[in-house]
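In: quick one, fold the following:
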Amino acid sequence: MSGPSSFAALECRVGLGRVSVATDAIDVLAEYAVGTRLPMTDRISYAVGVWDGEVVLSLSLTRAASAAMRTTSGLLLSVPGAQIRWAFEIGSPIGLVDIASLAKPQSTATRWLRTATLARGDAIQFVDIHALIGDLAALARVRTEQ
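Out: Numbers count the residues shown, from 1 in each chain. Now for the predicted structure:
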């Protein structure tokens, strides 16, 4: 049961680990086609894909080699005002968890990655989707201005 400051998140497998994403940041869990992964930062790669006739910019935290074209599972994200459909690649969903608290980010370079304490007492990494997309959009603006 959620307390006044807690919130629901979807726990997912990503590579060999687990992360959580707030359920209010998720629009749809889906499979979609993407092209080759391209590096965006040291920790993030991306691929352009298509889901239901929409262009998708699919973010990945894994470093696995990829084929020129592949199908992936991901969270299609709810990003109001975005000019493109964003997605976050996952290996598989595990289930819903109740996040009781979030620690401060360990680094300003990855302010979107935080440790969450679950209501059941253990901890999991939490991906703040809105902070992640905000940081990537700022990075893209800097790169296009150079």
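
In: where in the protein is pLDDT low?
Out: 1-4, 42, 64-67, 140-146 (pLDDT under 70).

In: grab the most central residue of it for me.
Out: Residue closest to the average C-alpha location in the chain (CA atoms, centre = their mean): residue 88, at 4.0 Å.

In: who does the residue lying closest to that residue once chain neighbours are set aside bridge with?
Out: Nearest residue to residue 88 in three dimensions, chain neighbours excluded: residue 75, at 4.7 Å (CB to CB, 6 or more residues apart in numbering). (C-beta placed from N, C-alpha, C; glycine too.) Beta-bridge pairing for residue 75 (DSSP bridges): residue 29, residue 88.

In: quick one, what contacts residue 75?
Out: Neighbouring residues of residue 75 by CB atoms under 8 Å, 6 or more residues apart in numbering: 10, 12, 21, 25, 26, 27, 28, 29, 87, 88, 90.

In: so how far is residue 101 from the first one?
Out: Translated: residue 10. According to CB to CB, to the nearest Å, residue 10 stands 18 Å off from residue 101.

In: which one's more surrounded, those two?
Out: Between residue 10 and residue 101, counted using other CB atoms under 10 Å, residue 10 has the larger neighbour count: 19 against 14.

In: residues contacting the helix or strand encompassing that one, please?
Out: Under the criterion of DSSP states H and E, residue 10 resides in strand 7-14. For strand 7-14, the external contacting residues (CB under 8 Å, 6+ apart) are 2, 18-24, 26, 29, 61-62, 75, 89-99, 116, 124, 126.
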